[in-house]
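Student: take a look and give me a structure for this.
(2 chains)
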Amino acid sequence: EAGVTQFPSHSVIEKGQTVTLRCDPISGHDNLYWYRRVMGKEIKFLLHFVKESKQDESGMPNNRFLAERTGGTYSTLKVQPAELEDSGVYFCASSQEPVETQYFGPGTRLLVL
Amino acid sequence: GQNIDQPTEMTATEGAIVQINCTYQTSGFNGLFWYQQHAGEAPTFLSYNVLDGLEEKGRFSSFLSRSKGYSYLLLKELQMKDSASYLCAVRDHASGGSYIPTFGRGTSLIVHP
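Tutor: Down below sits the predicted model:
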C-alpha cells in the first residue's frame, strides 16, 4: 500500500511569489491533515479535512494560506503571497478515522528568499 | 493547551539501552504518540499509549503515567540506524473534538559505535 506522498519535495521561491503544495493521502483515508515545522521549532498543526470539508482550520497562520481538497482525495495548500517567515517543512498526514494514528508524508521543504 | 517537554539531544552506544523521556501538561488527555523521524524523511509511527503502563514492541517500548504526565520511549540493543529524531505527541480531546496531536520539539538521538 502506498504511503502519503507530497509534491514537490523542495521549493525555493522569492518573497511575494505563490507556491502550491500537494498532498496525496493513503487511499481510503478520509482524514487529511496539514502541519508545518519551522526550523528549530516543533511540528505545528495547520488544518484538518474530513473528506472535502474543513473540520478544523484553527492552526492556519493567516489568510495568505488556502487549503483545498476538492473531491475529497488529494489536497493542495497554497501560499500567496509568500513571506520569509513561511519557510519551513510542510507535512501532510492522513488517517482512516480522526481517533486513529496519523501517517505522515515526507514533507515539502519550502524556502522563501 | 499542552506543554510538551523532551530532551533536545541524547547520545548512546551501539548495543546499549536508551530511555527518552517526555513530560506534558494537558487538560483532556486522550493519548500519547511516539514517532521516529530520520533526517529528510517522514515521521514514522512507533507507539501509542492511552492507558498507564508499558507497551512493548520488539526493541522499542513505551511507558505512560497519566497521573504524572510522563512517558518514556525505551530503545534496546541500539543500532546505528536508530540515530534519528524521536517525537513525542500528545492528543487532547478538548481540542474541539478533532483529536489533533500536539508535538514536542523532538529528541535527536545519536548512536555511535
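
Student: give me the low-pLDDT residue ranges for chain B?
Tutor: Residues of chain B meeting the criterion pLDDT under 70: B:1-2, B:94-98.

Student: strands along that one, start to end?
Tutor: Counting by DSSP state E, chain B has strands at residues B:3-5, B:9-13, B:18-25, B:29-37, B:44-49, B:53-57, B:60-65, B:70-75, B:84-92, B:101-103, B:107-112.

Student: contacts for the fifth one?
Tutor: This points to strand B:44-49. Defining contact as CB atoms under 8 Å, 6 or more residues apart in numbering or on different chains, one finds that strand B:44-49 is touched by A:101-104, B:31-37, B:55, B:57, B:60-64, B:71, B:73, B:86. Placement of C-beta: from N, CA and C, glycine included.

Student: before we move on, back to that, let me have the strands of chain B in a markdown table, extended by mean neighbour count.
Tutor: Below are those laid out as a markdown table (neighbours: other CB atoms under 10 Å in any protein chain shown):
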| stretch | mean neighbour count |
| --- | --- |
| strand B:3-5 | 16 |
| strand B:9-13 | 13 |
| strand B:18-25 | 18 |
| strand B:29-37 | 21 |
| strand B:44-49 | 17 |
| strand B:53-57 | 11 |
| strand B:60-65 | 19 |
| strand B:70-75 | 20 |
| strand B:84-92 | 23 |
| strand B:101-103 | 22 |
| strand B:107-112 | 16 |
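
Student: just give me the neighbour total for the closest residue to A:Gln17 other than its chain neighbours.
Tutor: Closest residue to A:Gln17 apart from its sequence neighbours, by CB to CB, 6 or more residues apart in numbering or on different chains: A:Ala82 at 5.6 Å. Neighbours of A:Ala82 under the rule other CB atoms under 10 Å in any protein chain shown: 23.

Student: perfect, that will be all.
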